[in-house]
Each structure stands twice: as structure tokens, then as C-alpha cells.
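[1] fold the following for me, if possible:
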Amino acid sequence: MNKRLIAYYLSTVCTFLAVAMGSCVLFAFPVLGHRTGDDWQSLSFETEGFLGLLLSVVVSVAIGLILRRYAGDDVKSETPRRKEAMAVVGLSWVIATILGALPFWISGVRYAAPLRLDAPDHIEIFDMSIAPRQQWKALDQPVSADQFDVLTALLEDDLPSQGMTYAELNTVLGRDDCGNIVKSLVTIPGLNRWLAVSSELGGSVRLKWLKMKFANSVFESQSGFSTTGATVINKLEDPGLVPYCILYWRSMTHFLGGLGIIVLFVVLLGGDSAGKILMKAEMPGPSKDGATPKMQDTARRFGIFYLVLNILLTVLLMFAGMNLFDAMCHAFGTMATGGFSTYDTSVGHFDSATIDYIITLFMIAAGTNFALFYTLVVLDKSGKDFWVWIKGKLTSIFSDIEFRVYLGIIVFSTIAIMASGMVAGDWDLPADAAAEDSIVAAILRSIRYGLFQVVAIVTTTGFGTHDFDSWSQFGRCLMFALMFIGGCAGSTGGGMKVIRHVLFVKILGQEVEHVYHPSVVRPLRLGGVVYDNQEMRRSILVYFGLVTIIFMASWLAIVALEPNSTWPIDQTENKLIDSASAVAATLNNIGPGLGIVGATNNYSDYSPASKLIFTWLMMLGRLELFSILVLFSWSFWKRSR
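    Prediction:
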């Protein structure tokens, strides 16, 4: 194992990340980091976010210089072997996760409220003095109904970092004595430490939100790089809690992780033989046609497609009504099949059918094998009639069996979701608007929301426009099953990949036939091509076996580690299914799951220990298991003889 060569490549990755972080500091200036139209002049310079990013750049550069000094200059010309390549890829993602967490940690991003309100006689407060597996403990004494109403108003405030004046509380609650109620709350032991009271403006109060520490920061960082899109941050709309420049870095991790850190590294820095080995280590799935003889050329072509689609989507979203900041962040989340939004309600915040359909189309494109896009580009017209040329292009795309199955899954699942939702009333309007509803309007809503959510889950993007956790049991079950599909090989989509499912079904079919026809030997065919590759057959079966084992083991670990207090008192019976969906959503790089990690919730309630397990699962899923698992093998690090 050539550790100096590994250090050389890791130093370059550190520098690469430092440059990416440095580009985000521009969004600390109000003219760029805003989304409120023309009133950007009213915003202030984001000092905490700026310093957080700047210090993170310094740390990244320093670590890069230390690694480069250790590596020396004589290793530049050396080519990594397979073991070194796997070590570089695995350790690159570990370093990226840690360095990517620094901006969240150093800038002091505030991610969640310190209180959970169930009832006046059952309030839980955040307490880090207890064991790492448990974050919440019950308040020692109950509060009155009036005190409970004031706390609820503070929790539901749109801009909790600014707090509320007593006059605002009186207006919201229809009272005139909120000032006295706040003063009584401050006297309650355990609660007073989380309330900041001021005498200015006739008196005001705000909740002191929790700052992100190690577990939350690495979770958010890995969720971005792995394009999972799971988050622990609440109130994304409040720049006092989450600076806009940090939100942009959060989306930038999607952009970097979309094609893979090493792939982008090869795009920018090249290295034919070394680049080929590194890319194969980072993209270990079943190979598909479309690669050129020079791996750097392949990486550049894929990188160009990726960049062009990001730019095109940004422009289209701006025409559809988004501003530049939101358009860029949602384009990064779409094309990387990540799912980070700049709003708590995700894409549903915009309530625009045009935006929904645009993002749906690009999610489908992002989940498609990029080699098909390459095929479209290199298909020469050669003087053919235009319609013959178009027919040739379409034929080249739809002859790909994985793409046909991919579209088939989306179409079938959407129809099933639409139909079950129509029967169960998932698409019904609220009672106060039901009189204006019609069957045609309900069908249109089912197409819009059903298609969007199916595509978001199949492609592992995880955006949301409708709370699928509130759908019928069949709808929830189908969405859970779709978490194990994934996009196409050679796409930015995560998950198990469609091609693996196709091959797995074919292999199972042959094994079943072998039971009653043991003498029959049939070659494995895929799209008319014979694949007589025992190593591929073995790798498919091993992969499915490993995913099953890791899923079950992680599910058991979460259920064992996570205390019942993580769930509201009336939802503790959901612990099993919520934990299973959380494991599936992180292992398959989906993001949202069911229950407390559903489309309208996030992972903030989970304990630090569970978040670290989820972080590990996200990394495993993104690198398709092996590049991370080998890092835990003692024999892997032994010097070759």
C-alpha cells in the first residue's frame, strides 16, 4: 500500500474542497445571498457564515499542505493500483464529509428548537448532559395552558431568530398579558436557560435554538455529498438561524457529489491511467456502454452534460418564477438527485405546477444513464432525412433495456399511486374548499403530485410537493418499496440501480429453471447481448446480500439505540416502521422516509449516535458499499508482498 501516493491525491481533494468553499463566501453579501426580490438592501452582511466558510477554507488548505508535504514530489508520476484507488476514494469521501461539516459547525448554524411541546403537562427540553443516545428529558413541572400557548407561538414563529415582542404575542394570541406570562416562564427551572428576554421595544422574548455540533454537522455534510438530501435543519427560511451563504454551501455539496468527487477531480486535473482506476473505484456498479477509450474524455463529457443541464434548469426555474439563489440551489439538488431545498416545505413552497413539471422532467433526466446523452450527441446525421435522424436517436435510447424498465417503473407506480389516492381521498382538497372541487381537478392533482413524488423517490432525489406520509397505507407501502429501486447506472441517482434489479431477476429466473432442468445451460442475455461473466453474476448476488444484511443490522441498531422519547408520546408504536424507513432512506440516498422522518419532518430528533449510523449508511449507499467496507478490513491495509 503506497500511503504517500494516497496522501498526494487526498491533498488535492482538500484543495479542491477549499476552492469550492471559497466560492460560497460571495453569497454572504446581500446582493447575491438573498431571495426576497428587490429588497436585498434591507439584509445585512452574514458575518458568522462568512467567517465559518473562511476558516473552513484555511483548515482545508492546511490539511492539504500537510498531506502534500508528507507525500513528497516524487509520487506524482506513479499510477495507483486498485487498492490505492479504493483507499483514495473511500478516504476522500471521509475527508470531504469532515471538512464539509466545518462551515456548519464553525458558523454556529442553529438547527432545531430546544423544546418539544406535547401537552401542558408534558414538555420535553433538550439536555446534552445525559447519555449520547438520548437528547430529551421531560420538564420537571407542568405549565399552565396560557404558558403553553405562549411557548407554542414562539415555536411556530416564522423567524424565530428575531423572537416576538409582547405586543406581537398579544396580537397572535388575542391577549393583553403575554408579558407577565413570559416573566412567569423564566422562573421555571430548566426552561429559563432557553429563553432570551429583552426589555427593548416594550419587551420581547425568543427561544435560543440549538447550534450544530459534530454529529449534526457531519450528517448534513455527508447528506449533501452523497446526494441523499436528508437534513436536521429546521426553519431554513430564517437567515438568523441558517445564513444564506451556508445554505448555498449546503447545495454546493450536492453539485460536487452529483457526479462524484473523484470524477470531478479527474475532469479538472486529468490523468488518463490514474483517472481510469480512480473512476472505476468510485463508480463500481455494472458497466454500461458509452465510455470512451480515454477515461478523462469520458469524465469531461459527462461533466459537460452535467454542467449544461444545471445551467439550463437554473434558467428555466428563473423563468418559472424563482430568483437566482433559489433556482441555483434547486438546480443543484435536482441534477445531483439530492433534494436539498432552501425551504422547509421543499419544492411545495412555490405551489407552482410549472415548477413541479420542470423539476420532474429534469429529475428523470438526472436518473438516466448519462451514456445515453452521449449517444445522442455523437449520433451523426450523415445526410439522413430529419425524421429518419430523429427516429434513429429515439431508437438508440429506447433500445436500452434499463431505460425502458426505468420508465416503466415510473409509469406503473404513478398510475398505482394516482388510482389508490383517488379511492382513499389522498388528492381531496381541505373541507373548506371541497365545494369548489371537481373530479377533473382531482385527477390533475393526482398526476401532478403523484408523478412528482414517484420520480423523486425512484431517482433518489427526495424533493417534496405533497406529504406522501399522509397517503393511504398502499401509497405509503409503495413509496417505501420504491426506495430500494434507484436510478440508472451511469446517472447521478443513488440507490441499488435499475440495471441490478434487471440482472437479479434474470439470474433468479435461471436459477429457478435450473432446479427442474439441471442440465440446461442458458447464457445470461441483456438487451440481446450475451453476458457470460461469472464475476458479474457473483457481484450482483453479493451486492443484494450485503444490502439486506446492512439494512437489517442497521435497523436493529437504531431500534436498540434510539430511546422511545424520540417519538411523541402518542406515536411510540411507530418506532419500528419509522426506523426502518430512516435506514432505507439513508442507505439508498433517498432523504425523506416515513413518520418522524417523513416529507414534512426531518432527522433532527434522532440522537447523535443514530445520526452517526445514518451518516455511515449514506456513505455506504453512495459508494455502493465496497469502497467504504474495505477501509475496515485489516488485510486491506497490509503491505503487499
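
[2] quick check, pLDDT for Tyr244.
    At Tyr244, the model reports a pLDDT of 91.

[3] give me the neighbour count for it.
    Tyr244: 24 surrounding residues under other CB atoms under 10 Å. For the C-beta atoms, the positions are set from N, CA and C on the backbone; glycine is no exception.

[4] over to Val242?
    Val242 has 25 nearby residues by other CB under 10 Å.

[5] same question for Leu376.
    Counted with other CB under 10 Å, Leu376 comes out at 12.

[6] isn't it right up against Ile397?
    Yes. Between Leu376 and Ile397 there is a contact at 7.3 Å, judged by CB atoms under 8 Å.

[7] can you tell me the element Asp578 falls in?
    Assigned by DSSP states H and E, Asp578 belongs to helix 575-587.

[8] same deal with Leu67?
    helix 47-71.

[9] what is the mean pLDDT for that helix?
    Helix 47-71 shows a mean pLDDT of 94.

[10] buried residues in it?
    The neighbour-count check on helix 47-71 (16 or more other CB atoms under 10 Å) flags 48-57, 59-61, 63-64, 67-68, 71 as buried.

[11] so what's Gly487 closest to, chain neighbours aside?
    Gly493 (2.0 Å; CB to CB, 6 or more residues apart in numbering).

[12] count of neighbours near the one you found?
    29.

[13] how far away is it from Thr459?
    5 Å (CB to CB, to the nearest Å).

[14] what does Trp634 give?
    37 Å.

[15] okay, the two: which has more neighbours?
    Using other CB under 10 Å, the more surrounded residue of Trp634 and Thr459 is Thr459, with 33 against 6.

[16] torsion angles phi and psi at that one?
    Thr459 adopts backbone torsions of phi -80, psi 0, taken as degrees, to the nearest 10.

[17] same thing with Gln141?
    phi -130, psi 150.

[18] spatially, what comes nearest to it if we skip its sequence neighbours?
    Ile188 (6.5 Å).

[19] low-confidence ranges, the stretch 401-550 of the chain, go.
    Within the stretch 401-550 of the chain, the segments meeting pLDDT under 70 span 431-432, 434-435, 531-532.

[20] identify the residue spatially nearest to Thr227, adjacent ones excluded.
    Per CB to CB, 6+ apart, closest to Thr227 is Gly338, 3.9 Å.

[21] now do Ser565
    Trp136 (5.2 Å).

[22] quick check, pLDDT for that neighbour.
    On the pLDDT scale, Trp136 gets 81.

[23] give the contact list for it.
    Under the criterion of CB atoms under 8 Å, 6 or more residues apart in numbering, the contact partners of Trp136 comprise Arg116, Glu124, Ile125, Phe126, Asp127, Ser565, Thr566, Asp605.

[24] need the buried ones from these selected in ChimeraX.
    Filtering these down to the buried ones (16+ other CB under 10 Å) takes a single ChimeraX command:
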select :116,124,125,126,565,566,605
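
[25] how about the contacts of Trp136 in a markdown table, adding pLDDT?
    Listed next are the contacts of Trp136 as a markdown table, based on pLDDT from 0 to 100:
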| residue | pLDDT |
| --- | --- |
| Arg116 | 89 |
| Glu124 | 87 |
| Ile125 | 88 |
| Phe126 | 86 |
| Asp127 | 79 |
| Ser565 | 83 |
| Thr566 | 87 |
| Asp605 | 90 |
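
[26] could I get the contacts of Trp136 as JSON lines with secondary structure?
    Formatted as JSON lines, the contacts of Trp136 follow (DSSP: H, G, I helix; E, B strand; the rest coil):
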{"residue": "Arg116", "secondary structure": "strand"}
{"residue": "Glu124", "secondary structure": "strand"}
{"residue": "Ile125", "secondary structure": "strand"}
{"residue": "Phe126", "secondary structure": "strand"}
{"residue": "Asp127", "secondary structure": "coil"}
{"residue": "Ser565", "secondary structure": "helix"}
{"residue": "Thr566", "secondary structure": "helix"}
{"residue": "Asp605", "secondary structure": "coil"}
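
[27] now the contacts of Trp136 as CSV including distance to Ile409?
    Below are those laid out as CSV (distance: CB to CB, whole Å):
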residue, distance to Ile409
Arg116, 38
Glu124, 41
Ile125, 45
Phe126, 42
Asp127, 45
Ser565, 39
Thr566, 33
Asp605, 32
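
[28] out of the contacts of Trp136, who's nearest Val172?
    Arg116 (20.3 Å; CB to CB).

[29] doesn't Asp127 make contact with that closest one?
    No. Using CB under 8 Å as the test, Arg116 is too far from Asp127 to be in contact (11.7 Å).

[30] average model confidence for the helix or strand where Ile628 lies?
    According to DSSP H and E, Ile628 maps onto helix 626-629. Computed over helix 626-629, the mean pLDDT rounds to 80.

[31] check which helices and strands it sits against.
    For helix 626-629, the elements it packs on are helix 82-106, helix 608-622, judged by 3 or more CB pairs under 8 Å, 6 or more residues apart in numbering; DSSP states H and E.

[32] can you pull the buried residues of the longest one?
    When you say that, I think you mean helix 82-106. 83-106.

[33] swap in the shortest one?
    Residues of helix 608-622 classed as buried under the neighbour-count rule (16+ other CB under 10 Å) are 608-622.

[34] next, the angle from that helix to helix 82-106.
    On the basis of axes from the mean of the first three to the mean of the last three CA atoms, to 10 degrees, helix 608-622 is oriented at 140 degrees to helix 82-106.

[35] quick one: mean pLDDT for helix 608-622?
    Helix 608-622 carries an average pLDDT of 93.

[36] now it, how far from the chain's geometric center?
    12 Å (CA atoms, centre = their mean, to the nearest Å).

[37] other SSEs contacting it?
    Using 3+ CB pairs under 8 Å, 6+ apart, helix 608-622 sits against helix 82-106, helix 214-225, helix 534-561, helix 575-587, helix 626-629.

[38] switch to 6 Å and redo it
    Counting contacts by 3 or more CB pairs under 6 Å, 6 or more residues apart in numbering; DSSP states H and E, helix 608-622 packs against helix 214-225, helix 534-561, helix 575-587.

[39] quick one: the strands in this structure?
    110-112, 115-119, 122-126, 136-138, 164-165, 195-198, 204-207, 210-211, 525-526, 529-530 (DSSP state E).

[40] what packs against the fifth one?
    With contacts defined as 3+ CB pairs under 6 Å, 6+ apart, there are no secondary structure elements packing on strand 164-165.

[41] how about the second one?
    In this structure, strand 115-119 packs against strand 122-126, with contacts taken as 3+ CB pairs under 6 Å, 6+ apart.

[42] what packs against the strand it packs on?
    Using 3+ CB pairs under 6 Å, 6+ apart: strand 122-126 touches strand 115-119.

[43] could you check the pLDDT of Arg133?
    Per-residue pLDDT puts Arg133 at 65.

[44] equivalent analysis for Val109, please.
    In this model, Val109 is scored at 95, pLDDT.
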